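J.: Show me the folded form of this:
(4 chains)
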Protein chains: 2
Amino acid sequence: MLSLKDIAKQAGVSTSTVSRVLNGKKYINAEKRAQILKLIQETGYVPNKAARDMVMKRSFTVGIIIPITFNMFQRQLFSVIERSLSSFGYHTEVFFIALDGSGVKECLDRLKAENLDGVIMLHEIKSPLFYEYTAQSGLPVVSTLCNIDNIPTVKTDDKQAAAEAVNHLIGLGHRKIGLICGGGFSFGNSRMEAYYDTLAAAGIERNENRVVCVQQYSSEFGMYGMRELLLRGRDFSALFAASDELAIGAIRVLKDEGIRVPEDISVIGFDDIEISNYFIPRITTIHQPIKEIGDHAALSLHRRISGGINIDPEIIIPHKMIIRESTRSMAR
Amino acid sequence: MLSLKDIAKQAGVSTSTVSRVLNGKKYINAEKRAQILKLIQETGYVPNKAARDMVMKRSFTVGIIIPITFNMFQRQLFSVIERSLSSFGYHTEVFFIALDGSGVKECLDRLKAENLDGVIMLHEIKSPLFYEYTAQSGLPVVSTLCNIDNIPTVKTDDKQAAAEAVNHLIGLGHRKIGLICGGGFSFGNSRMEAYYDTLAAAGIERNENRVVCVQQYSSEFGMYGMRELLLRGRDFSALFAASDELAIGAIRVLKDEGIRVPEDISVIGFDDIEISNYFIPRITTIHQPIKEIGDHAALSLHRRISGGINIDPEIIIPHKMIIRESTRSMAR
DNA sequence: ATGAAAGCGCTAACAT
DNA sequence: ATGTTAGCGCTTTCAT
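T.: Presented below is the predicted three-dimensional model:
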């Protein structure tokens, strides 16, 4: 494989000169620059990343922390972020982590070994070790979707959005509103709080019998959630599912039980993943602008890496309620 | 950041000794090894990847080529492959590429720069430049899902599977069977060929009016495909969609037109993505064992990288037809 | 504007 | 079994 030295030799200049043109430094004779560029072009020389990383003590790559449960929403977000990051010149490497906090040690070792430029989190990490390390090493981190102490965040306003979702249901005349929620994480908690608050504000009595927390935000767990709810007695005319995937699982179970959506029960989801607009019925949901969230996260991280301007610790991306077919008025 | 030299100094040994214990070499005094290990443990030292990569002239990372259209099936496969690769000690880096062949140059430059250990392709690349490079540089490549000349492949038997799908429909009494297919790629072509062959074998006349090729395998294009088919006149009682996402889009359009699946039209998909078992109706499809495909691909690449045993150029993973709710007998 | 030289953190002969 | 030495391919002072 060609090295910088080879190019220098062929061009009859020193390695420093070649390095300078490679890095677009000033003060290079225009002719020489052109000639060297031409040579690089012709030979197809590409600088060795490892060598460059080593001497520059950075890797030009950012890590993306993804839970192994990797749901559809996160998958879409991942791909947006990767593209955005790459437009800034970063490579990206994925770090799958278990939600129970195991494997954090390995994750940290990789972080240390690789000299990442930064990290974007698609999900919370529970282990404090992680935050100790990033804080102490000064590794730039931005999280998406969830609030974490001292970590800048790009997200929608979960409480506000969830309140709108519940209010949509209330506005449709529903009073008995169920909730299926993923437990234990910041955004899940926000959505649940908003659910309770909104009902209270509407003067609807709190009924925990209509609430179930499942472990993941997937369709599979949506099924579990709905089965549980049904088992407790079918005492609700509407459901707020904390994610579209949860909603899909729930609707699946309802369908199997011969309960129609939205005729018998209205269901509203959250996220607006692609499939929601194809599902039968099309799912009413809260749209989280994946593109904007991803782009802002990438930009925010880039700024931090570049030691740039002091950026807001929290960027709120406006959500939007999308009313489709899975909810309808009780009046009938 | 701690370096190997620091550890050596603290341990009162030479850097080579530390390097040796780090790499699990033989012929090291057991006590010394233990002592050094302990020191590493205590200090939290982790070797610098860039330095190691440089001197070893490899990166311990493999690239995964993903089309920017990144569909659900590929997303699932990607995550399986990443996990599997990581169990062999590889990192993975994604390479998103446009299907039209633009951006191959950048892709190649990255490949050159990074000294990847290998590459796994989730999709065909059209540009010959890519194959020239991999062949000439000896970079190990394995492709999944599609056949590419001189590249080892892990996939299901598309023709056989598609034939089964079509035969399932025929067995149900359908004679007028439509096809929505993504065009231009090896697996699409195989599935289409099988469609024609199977109909011919059943003595059903070829009717290209019932066939439409769309550009992508997504639900959106499934909608386009079905609209086109309907526009040509509703002259079919069953549909073979070359992917589940295509099927979902097609069913969506049918539903909007008031045409019932499976009562009026049977639809069979391909892939068995997660959502297919939650969709309403649950989609009859050909199951591609994502886990096996991913694991075999990772293992096969690992063997090639390790310069191991001569491995089959093509690994065929058995598929399975999953009969669910979107197809039914014509008899009525 | 350019070259010489040092050095990033590691591995791998080569000695011993 | 262990230390010494020489790079790997690049960037970056420091001279000039």
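
J.: what's in contact with the one helix or strand residue A:321 maps to?
T.: Element membership of residue A:321 [criterion: DSSP states H and E] is strand A:320-322. Here strand A:320-322 makes contact (CB atoms under 8 Å, 6 or more residues apart in numbering or on different chains) with A:161, A:164, A:165, A:168, A:272, A:284, A:285, A:286, A:287, A:289. Heads up, the C-betas are built off the backbone N, CA and C, glycines and all.

J.: repeat that with 6 Å
T.: Outside of strand A:320-322, the residues within contact range by CB atoms under 6 Å, 6 or more residues apart in numbering or on different chains are A:164, A:272, A:285, A:286, A:287.

J.: cool, and stretch A:128-137?
T.: By CB under 6 Å, 6+ apart, the list of residues contacting stretch A:128-137 reads A:104, A:108, A:141.

J.: In terms of model confidence, name the weakest of those.
T.: Lowest pLDDT of the contacts of stretch A:128-137: residue A:104, 90.

J.: Make sure residue A:178 is indeed in a strand.
T.: Yes. Per DSSP: H, G, I helix; E, B strand; the rest coil, residue A:178 lies within a strand segment.

J.: you'd agree it is up against residue A:234?
T.: No. In this structure, residue A:178 is not within contact of residue A:234 by CB atoms under 6 Å, at 9.5 Å.

J.: the strands in chain A, which residues?
T.: Secondary structure of chain A (DSSP state E): strands at A:61-67, A:91-97, A:118-121, A:141-144, A:153-155, A:177-182, A:211-214, A:238-241, A:266-268, A:285-287, A:314-316, A:320-322.

J.: For stretch A:24-34, the averaged confidence score.
T.: Mean pLDDT, stretch A:24-34: 91.

J.: let me fix that: stretch A:245-262
T.: 98.

J.: quick one: it near chain B?
T.: Yes. Using CB under 6 Å from any CB of the partner chain, stretch A:245-262 reaches chain B at A:248, A:252, A:255.

J.: How about the last one: what's its closest non-neighbour residue?
T.: So that's residue A:255. Nearest residue to residue A:255 in three dimensions, chain neighbours excluded: residue B:280, at 5.5 Å (CB to CB, 6 or more residues apart in numbering or on different chains).

J.: Settle it for me: which of residue A:178 and residue A:234 has more neighbours?
T.: residue A:178 (28 against 15; other CB atoms under 10 Å in any protein chain shown).

J.: can you pull the contacts of the more buried one?
T.: A:210, A:229, A:236, A:239.

J.: Kindly report the residues of the stretch 51-200 of chain A close to DNA strand D.
T.: Residues of the stretch 51-200 of chain A found near DNA strand D (CB under 7 Å from any atom of the strand) are A:51, A:52, A:54, A:55, A:56.

J.: re earlier: can I get the residues of stretch A:245-262 next to chain B in CSV with neighbour count and distance to residue B:125?
T.: As requested, the residues of stretch A:245-262 next to chain B are arranged in CSV below (neighbours: other CB atoms under 10 Å in any protein chain shown; distance: CB to CB, whole Å):
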residue, neighbour count, distance to residue B:125
A:248, 29, 34
A:252, 22, 38
A:255, 17, 41
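
J.: Surely residue A:194 is in contact with residue A:160?
T.: No. With contact defined as CB under 6 Å, residue A:194 and residue A:160 do not form a contacting pair (7.5 Å).

J.: Looking at the two, which has the bigger crowd around it?
T.: Between residue A:194 and residue A:160, residue A:194 has the larger neighbour count (other CB under 10 Å), namely 23 against 15.

J.: Okay, domains of chain A per the record?
T.: A:4-55, A:56-155+A:290-317, A:158-288 (automatic domain parsing).

J.: any idea of the pLDDT on the residue nearest to residue A:255?
T.: Taking residue B:280 on its own, its pLDDT is 98.

J.: Identify the residue nearest the residue of chain A found nearest DNA strand C in space, chain neighbours excluded?
T.: When scored by CB to the nearest atom of the strand, chain A has residue A:27 as its residue closest to DNA strand C, at 2.6 Å. Excluding the flanking residues, the one nearest residue A:27 by CB to CB, 6+ apart is residue A:20, at 7.9 Å.

J.: No further questions, thank you.
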